[in-house]
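Chemist: I need the structure of the sequence given here:
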Amino acid sequence: MSESNNSSSTLLAFLLGATAGGIAALLLAPASGEETRRKLKEKSSELYEQGSEQATRAKDVVSGKAQEASTAARERARQVSDSARTQVTAVKDAVAEGKKAYQREVQES
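Modeler: Presented below is the predicted three-dimensional model:
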């Protein structure tokens, strides 16, 4: 989980740095206000699209990991249930054998 947070933080820092650099370059470039606004709008649209793509990829990864964890948990629960069922059957059989042995002992006495 920590590795995912570090990756997310790194990606966010990169995107913010790229955005700040792009804005600074546009503001310091010798261009008209109208042209600068157009460039800012284009760059912000590009960044928005890239962010949306990254969010979709992250969602897919998280969804896949959640599905894997869910499947593993179900399998483990099935194994525990089967083991418990086997142990209960063994205990019932042992109790039945103990009753039979006790009854034989009482009859012989």
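Chemist: Just the helices from the chain, written as ranges.
Modeler: Listed in chain order, the helices found in the chain under DSSP state H are 2-28, 33-108.
Chemist: could I get those helices as TSV with mean neighbour count and mean pLDDT?
Modeler: C-beta: built from backbone N, CA, C; applies to glycine. TSV is the format used below for the helices of the chain (neighbours: other Cβ atoms under 10 Å; pLDDT from 0 to 100):
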stretch	mean neighbour count	mean pLDDT
helix 2-28	11	76
helix 33-108	11	90
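Chemist: Show the contacting residues for residue 59.
Modeler: Neighbour list for residue 59: empty [criterion: Cβ atoms under 8 Å, 6 or more residues apart in numbering].
Chemist: how close does it sit to residue 19?
Modeler: 22 Å (Cβ to Cβ, to the nearest Å).
Chemist: ok, now residue 96?
Modeler: 75 Å.
Chemist: swap in residue 95?
Modeler: For residue 95 relative to residue 19 (Cβ to Cβ), the value is 72 Å.
Chemist: now residue 33
Modeler: 20 Å.
Chemist: Just the endpoints, please. Distance across stretch 19-39?
Modeler: 12 Å (Cα to Cα, to the nearest Å).
Chemist: Off-centre distance for that stretch?
Modeler: 39 Å (Cα atoms, centre = their mean, to the nearest Å).
Chemist: Can you tell me what sits against that stretch?
Modeler: Contacts of stretch 19-39 (Cβ under 8 Å, 6+ apart): 40, 43, 47.
Chemist: want to try TSV for those residues, with distance to residue 67 as columns?
Modeler: Shown next, in TSV, are the contacts of stretch 19-39 (distance: Cβ to Cβ, whole Å):
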residue	distance to residue 67
40	40
43	36
47	30
